[in-house]
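Enquirer: one predicted model, sequence on top.
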Amino acid sequence: MQVFEAKGSSFRHMPRRAVVDGCGIIVDDMADRGVIRDEHGSVPAEWARDFEAAARRSLRQRLDYGFVKTFKPVLDEGRFRSFATLEEYRRWCEASLPSWLGYGRAV
Amino acid sequence: MRPAFLPGLATAVPFDYRQAREIAEAFRLHGARYLFIGKSGALILGFPDTTQDADLFLEKTSENGRAVVMALGALGFDLAPEEAAEIGHCKDFIQIRHGPFDLDLVFAPDGIESFAEADQRAVEVEGIRVCNMDDIIRSKEAANRVKDRESLPRLRAFRDWLRSRPEG
């Protein structure tokens, strides 16, 4: 786990610090609790504006524009798959899908 | 107008509002117990983001498995007998990619103890039953895939924002 500190941000309340796991994935970009998240769970201002804008949209608008479809190799090539356990499915994802799809636990 | 998908790149068009309402209605009519979960559930709760597929958390009982098969038939899913049997037997995770839209069925999601408990905490939006944000986050934390780790900071912030609202 590594912690990166940004010199500054174009948004006054945006994250200045991020925790990145061994795969280079940001696992907590609000890790600098003193700046970004206090004990009341404050939210970065830019994200709060996003959430407020979304709340003004109807459910129809949110769903019609929130779902996208791009072809995912292997995953979208079968008609029907079933797995006796979720762990079996996770193992299949790790073994069968390109890692860049993000379905594995490591890139 | 919504963008059309290029031929050959996928077998289905994106999931949409009408289909979410149709799921709610068909599952209600057939007595099938379900909750939207994952990022599709978060979108219904107002989370501004994009996702690809609809994920349904289903009660793991043989009675519910049979009801789900009936509801999917009503929605236009042409299930082969062996596919219907696997849903009826409530296999933990099922992907359907040959129906009117892509659907993932989860009878035992990571991080959630029981359907009954999640159902008690669930939210209903325009007749559509959805896991609450804490359960959606818990299941992504437990799954711990790369794509889950990418989305969790913003999902947690959205939950905190929901709680900070007067109606939250």
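Expert: Sure, I can see it.

Enquirer: so where's chain A uncertain?
Expert: For chain A, applying pLDDT under 70 flags the ranges A:1-41, A:107.

Enquirer: what are the phi and psi angles of residue B:35?
Expert: Backbone geometry at residue B:35, expressed as degrees, to the nearest 10, gives phi -140, psi 130.

Enquirer: check residue A:80 too.
Expert: Backbone torsions of residue A:80, given as degrees, to the nearest 10, read phi -160, psi 130.

Enquirer: for it, give me its contacts.
Expert: Under the criterion of Cβ atoms under 8 Å, 6 or more residues apart in numbering or on different chains, the contact partners of residue A:80 comprise B:80, B:83, B:94-98. In this view, the C-beta of every residue, glycine as well, is placed from N, C-alpha and C.

Enquirer: filter those residues down to the ones near chain A?
Expert: B:80, B:83, B:94-98 (Cβ under 8 Å from any Cβ of the partner chain).

Enquirer: buried ones among the residues you listed?
Expert: If you count burial by 16 or more other Cβ atoms under 10 Å in any protein chain shown, the buried members of the ones next to chain A among the contacts of residue A:80 come out as B:83, B:94-97.

Enquirer: where along the chain do the strands fall?
Expert: In the absence of a named chain, chain A is used. A:2-5, A:17-20, A:26-28, A:80-83 (DSSP state E).

Enquirer: that's the wrong chain, I wanted chain B
Expert: When secondary structure is read from DSSP E, chain B shows strands at B:34-37, B:54-58, B:93-96, B:103-106, B:123-125, B:128-130.

Enquirer: so where do the helices sit in chain B?
Expert: According to DSSP state H, chain B carries its helices in the segments B:17-29, B:38-44, B:62-74, B:81-88, B:115-121, B:133-143, B:146-164.
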